[in-house]
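S.K.: what's the 3D shape of this:
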Amino acid sequence: MPPQSRPVIRVKVRISSQDFSREETLDLTVDPTSIYSWIPAEVGARIGILFPDRRRLRRPEGSIVERTVGQVHVGLEGKQGMSFVVLAESGDSTVLGELTLTSLGLEVDPNTNALREIEWYYALAAAT
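M.R.: Here you go, the predicted model:
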């Protein structure tokens, strides 16, 4: 029996500059298998990103690409916070990844395939 594919979750995400003077709303596919969220490079250029840096990233099919990564303010379902994003270039997909979901306190419910609030986080305390 072939594995069942998950339904696609699409969300409206508000991407803003640190001072909220520039913002755009994007329609992104939720992809918790992607560590980073990927937004169009032109959106990143218009709103401005913090701490831009070039990083080597491995795509799902195994190829290595170099892209700009930086921080933006993200708003989704009444939650908001800062998150690292990749500036997607031509041919790249745009997705909402795990790092952004977790920073907003959200996760994909495996039973309903919808976003839900994270009930608790793993916390490791050092022995004293």
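S.K.: list the buried ones in stretch 19-32?
M.R.: Within stretch 19-32, the residues that count as buried by 16 or more other C-beta atoms under 10 Å are E24, L26, L28, V30, D31, P32. C-beta here means a position set from N, CA and C on the backbone, and glycine is covered the same way.
S.K.: so what's the closest residue to the fourth one other than its chain neighbours up against?
M.R.: Put plainly, it is V30. Distances taken as C-beta to C-beta, 6 or more residues apart in numbering place I9 nearest to V30, at 4.0 Å, with adjacent residues excluded. By C-beta atoms under 8 Å, 6 or more residues apart in numbering, the residues touching I9 are T29, V30, V108, N113, A114, L115.
S.K.: so I9 versus G62, what's the distance?
M.R.: The gap separating I9 from G62 is 25 Å, by C-beta to C-beta, to the nearest Å.
S.K.: how about Q80?
M.R.: 35 Å.
S.K.: need the pLDDT of the residue nearest to V30.
M.R.: pLDDT for I9: 93.
S.K.: likewise V85?
M.R.: On the pLDDT scale, V85 is placed at 96.
S.K.: that one and R67 touch, don't they?
M.R.: No: the pair V85 / R67 is not scored as a contact, 9.9 Å apart, by C-beta atoms under 8 Å.
S.K.: over to the residue nearest the centre of the chain: give its phi and psi.
M.R.: Nearest to the geometric centre of the chain sits S37, at 2.7 Å (C-alpha atoms, centre = their mean). With angles defined as degrees, to the nearest 10, S37 sits at phi -80, psi 150.
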